[in-house]
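In: The sequence isn't on hand, but the structure is:
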């Protein structure tokens, strides 16, 4: 079994182990524990029915040693600190992978009504469970970021947001948060993530605030798939996404703009690859991630949806990785963000 095949299997089947750093229910398609897979960050589902387990730092498949090192990420020290108001730092920002700080600056979304919600999203579930707070103030995020760098050696940061009713769709609060963090830790690279803002000049505002890269996540380039899986978000036409990506590349630079493409939503694989190639030609990194049905999402509670097959995920990942290599675009070339981290995808293992 190749390293890519093993990593694909882990992404879909998970691992039977308990790890200190986990993410449960959130704004994207992940519900996992954080480990180092052969030294690289990986977000792996924690599943009691997985054939994979650990013995020390060795990965076992049905008890057989695969010769791969898998090391759980240690619980960060900043998790044990609170603000002067008594808010746990862990409720403000989370550790992703080994060295990425991530926060959802606004934990609510105008598209969260059942007939509008993205069916793979549980952005408000962690809020309802008391694991986070609804709105993170810029000074709170800056305080946590400084501590995470000082105590745990965090090397980059991701800021995302639920969509607001304003024309900027939440981007301006992101800009305020970026400015605050850059004042506290000027050298910390930051990626922001948002829907295409109504006024594309807002992208320049984000860059001038100090954001180093941006994710404008579409999840699918197939309008039929978008209407089914993202009924609210699909009302933003693909033409608006393309205009935002083009402007973001102009403002942030080639390979500093990324978008999620989910495998397993029913999109034709060849069309998905074609769309990924178009993005690469624009200078946008297509971050290929498997859809995984998460508890608390409509995909599980209503649809009973299934994850993609390992064969499909490996095929799409390998083909997109080839296109990225041909274009000399790599996740490691991103200054910050999901593609730079790579933990939720198999692309970096495949050479992308």
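Out: Perfect, I can see it now. Please read all numbers here as calculations on a predicted model, not as lab measurements.
In: From now on I want contacts and neighbour counts done on CA atoms only, so please keep to that.
Out: Noted.
In: residues contacting residue 212?
Out: Contact criterion C-alpha atoms under 8 Å, 6 or more residues apart in numbering gives 189, 190, 191, 252, 256, 335, 336 as the residues in contact with residue 212.
In: The same query, at a cut-off of 10 Å, please.
Out: Residues in contact with residue 212 (C-alpha atoms under 10 Å, 6 or more residues apart in numbering) are 157, 178, 188-192, 206, 252-253, 256-257, 334-337.
In: so of those residues, which ones are in helices?
Out: Using DSSP state H to define helices, the subset of the contacts of residue 212 located there is 178, 206, 252.
In: Can you point out the buried residues in stretch 40-50?
Out: 40, 41, 42, 43, 44, 45, 46, 47, 50 (16 or more other C-alpha atoms under 10 Å).
In: Pull out the buried residues from the longest strand anywhere in the chain.
Out: In the chain, ranked by residue count with DSSP state E as the criterion, the top strand is strand 64-72. Of the residues in strand 64-72, those buried by neighbour count under the rule 16+ other C-alpha under 10 Å are 69, 70, 71, 72.
In: just stretch 126-134 next, same as before
Out: By neighbour count on 16+ other C-alpha under 10 Å, the buried set for stretch 126-134 is 126, 127, 132, 133, 134.
In: backbone phi and psi for the first one, please?
Out: If I follow you right, that is residue 126. Dihedral pair for residue 126: phi -70, psi -30, per degrees, to the nearest 10.
In: was I right about it contacting residue 297?
Out: No: under the criterion of C-alpha atoms under 10 Å, residue 126 is not in contact with residue 297, lying 11.8 Å apart.
In: next structured bit after the helix or strand of the chain with the lowest mean pLDDT?
Out: Comparing helices and strands within the chain by mean pLDDT, DSSP states H and E singles out strand 22-23 as the least confident, with a mean of 68. Next along the chain after strand 22-23, taking DSSP states H and E as the criterion, comes strand 32-37.
In: Report the distance from that following strand to the chain centre.
Out: In terms of C-alpha atoms, centre = their mean, to the nearest Å, the gap separating the centre of strand 32-37 from the centre of its chain is 14 Å.
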